[in-house]
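**Q** Kindly return the folded structure for what I paste below:
(4 chains)
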2 protein chains.
Amino acid sequence: MARIVEFDQELAVRRAMEVFWEKGYKGASLRDLTKAMQINPSSLYNTIGDKQELFVRCIRRYTDDRKEYIAQHAASSRSPLQTLKLFLDDAVTNVITGERSCLAIKAAFEVAGEDERIKSILKDDEDAMYRFLRSLLAKAMKQGEIRKEDPELITDYLLSAYTGWHESFILHRDPVKIQRMARYVLKQLSR
Amino acid sequence: MARIVEFDQELAVRRAMEVFWEKGYKGASLRDLTKAMQINPSSLYNTIGDKQELFVRCIRRYTDDRKEYIAQHAASSRSPLQTLKLFLDDAVTNVITGERSCLAIKAAFEVAGEDERIKSILKDDEDAMYRFLRSLLAKAMKQGEIRKEDPELITDYLLSAYTGWHESFILHRDPVKIQRMARYVLKQLSR
DNA sequence: TCTTTTCTGAAACGATCATTTCAATATAAG
DNA sequence: CTTATATTGAAATGATCGTTTCAGAAAAGA
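**A** Okay, the predicted model is just below:
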């Protein structure tokens, strides 16, 4: 037979993801990408495909990481409200420590209007997060940990707020502002 | 003396704005731009400047339009709550009828991390909106039209939600979802 | 070891990028 | 009308874009 593929695809995609994350889809050149991936363009095209396909893989990798996060917290033994608090803490941390914001949100605004595959992956990602939060909120309400309301509305509210926090942090770089908003969300829920 | 500038700069910038709005900063080529502006690249460089400068002008034009909107509603004779309702209606309409989302938000996520001038303009824009809403909310609270709360927090909440609505609409294209969220906001305020 | 298959690296591909050049053109002042 | 100055359109600039080509290196089976 013949030679075997030498480079680690998973690692290479992870490295490409970092480049897309920082520069955006259009802002990342194939030179940037292949340099970070430490492979030759020919290797990229022989294995993964073109730039668009690589981006799809990167977005999938990013959202898969989130799916894992959700799975972990969904199986948690903590109380719903405690899980929710942890989730909000992580959300705040994500916003105020990420230099380059959130890859999924950036991709939504940059290319989801033109690229159906990307849009579909991001939609699935949001849906998964939606189901997780809705179920969490429903449980917390049932157990009387938070005020009873339409859990779907609250979920939409949380997801919207998270996106807004990212934009706010890009413009103002004010961690306290984000933390205050998160605290307010929690206060409103338990009030 | 000499020849006078022939093309209408204001109109040309407006046309360029549409291109940036649709394709993003990096996605818009100078061919796209000058074709839409109906001018020659040399005219662009002799009057406005390079691509970045043109983008700055476009973003300024966009945010100036918003400033005008704010000024109109700030001087309105309606009650604070009525103005707020109108504002929310406009926000929903903006989200669910705009094919290309919001130029300011897209620019924030695409370039505000790297371009200080753009970031500064967008920050000023957000600050203006912030002051308008805060004052509106404070008045509405004073007059007992809505529940008394920290008006700054509610303002942050509203602005965050607006950004999130845009992302939601890009992914789901569900107008009813946006309308429900807006109605929920209002319900929560007056409750 | 030899053959066969496949991957890798360097180079080159045409296309398009943002930007500049410059001669022809148009206008206002003298 | 002439002259001086500025704008315009067409073309070309070098750089960079995403992608492909291809010879040579590498590995597995015979």
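**Q** Leaving aside the residues adjacent along the chain, what's closest to the residue nearest the centre of chain A?
**A** Residue closest to the average C-alpha location in chain A (Cα atoms, centre = their mean): A:Ala104, at 5.1 Å. Nearest non-adjacent residue to A:Ala104, counting by Cβ to Cβ, 6 or more residues apart in numbering or on different chains: A:Leu122, 5.6 Å away. (C-beta placed from N, C-alpha, C; glycine too.)
**Q** list the helices and strands the helix or strand where the one you found lies packs on?
**A** Using DSSP states H and E, A:Leu122 maps to helix A:116-142. Counting contacts by 3 or more Cβ pairs under 8 Å, 6 or more residues apart in numbering or on different chains; DSSP states H and E, helix A:116-142 packs against helix A:51-74, helix A:80-97, helix A:103-110, helix A:151-172, helix B:151-172.
**Q** Which positions in that helix come out as buried?
**A** Using 16 or more other Cβ atoms under 10 Å in any protein chain shown as the test for burial, helix A:116-142 gives A:118-119, A:121-123, A:125-126, A:129-130, A:132-134, A:136-141.
**Q** returning to what we had before: could you pull up the contacting residues of the residue nearest to A:Ala104?
**A** A:Ile59, A:Thr63, A:Ala104, A:Ala107, A:Ala108, A:Ala112, B:Leu171 (Cβ atoms under 8 Å, 6 or more residues apart in numbering or on different chains).
**Q** quick one: it from B:Ser76, how far?
**A** The spacing between A:Leu122 and B:Ser76, counted by Cβ to Cβ, to the nearest Å, is 38 Å.
**Q** Check A:Tyr162 too.
**A** Applying Cβ to Cβ to A:Tyr162 and B:Ser76 gives a distance of 32 Å.
**Q** Between these two, which has more neighbouring residues?
**A** Each of A:Tyr162 and B:Ser76 has its neighbours counted (other Cβ atoms under 10 Å in any protein chain shown); A:Tyr162 has more, 24 against 14.
**Q** got the residues of chain A near chain B?
**A** A:24, A:26-27, A:99-101, A:105-106, A:108-110, A:112-113, A:119, A:122-123, A:126, A:150, A:153, A:156-157, A:159-168, A:170-172, A:177, A:180-181, A:184, A:188 (Cβ under 8 Å from any Cβ of the partner chain).
**Q** Below-threshold pLDDT in chain A: ranges please.
**A** A:1-3 (pLDDT under 70).
**Q** 90 instead, please
**A** A:1-7, A:98, A:188, A:190-191 (pLDDT under 90).
**Q** and the nearest residue in space to A:Tyr69 that is not next to it in sequence, how far is that from A:Ala71?
**A** The shortest distance from A:Tyr69 to any non-neighbouring residue, by Cβ to Cβ, 6+ apart, is to A:Asp90 (7.9 Å). For A:Asp90, the distance to A:Ala71 equals 14 Å [Cβ to Cβ].
**Q** now do A:Gly113
**A** 30 Å.
**Q** Of those two, give the one with the bigger neighbour count.
**A** Between A:Gly113 and A:Ala71, counted using other Cβ under 10 Å, A:Gly113 has the larger neighbour count: 18 against 12.
**Q** Wait, the more buried one touches B:Ile170, no?
**A** Yes. Using Cβ atoms under 8 Å, A:Gly113 is in contact with B:Ile170, at 6.1 Å.
**Q** which neighbours do the two share?
**A** A:Lys119, B:Ser101.
**Q** one step back: show me which of the contacts of A:Leu122 are buried.
**A** Counted by 16+ other Cβ under 10 Å, the contacts of A:Leu122 give A:Ile59, A:Thr63, A:Ala104, A:Ala107, A:Ala108, A:Ala112, B:Leu171 as buried.
**Q** May I see those organised as a markdown table, with distance to B:Arg31 added?
**A** Formatted as a markdown table, the buried ones among the contacts of A:Leu122 follow (distance: Cβ to Cβ, whole Å):
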| residue | distance to B:Arg31 |
| --- | --- |
| A:Ile59 | 29 |
| A:Thr63 | 35 |
| A:Ala104 | 31 |
| A:Ala107 | 25 |
| A:Ala108 | 27 |
| A:Ala112 | 25 |
| B:Leu171 | 30 |
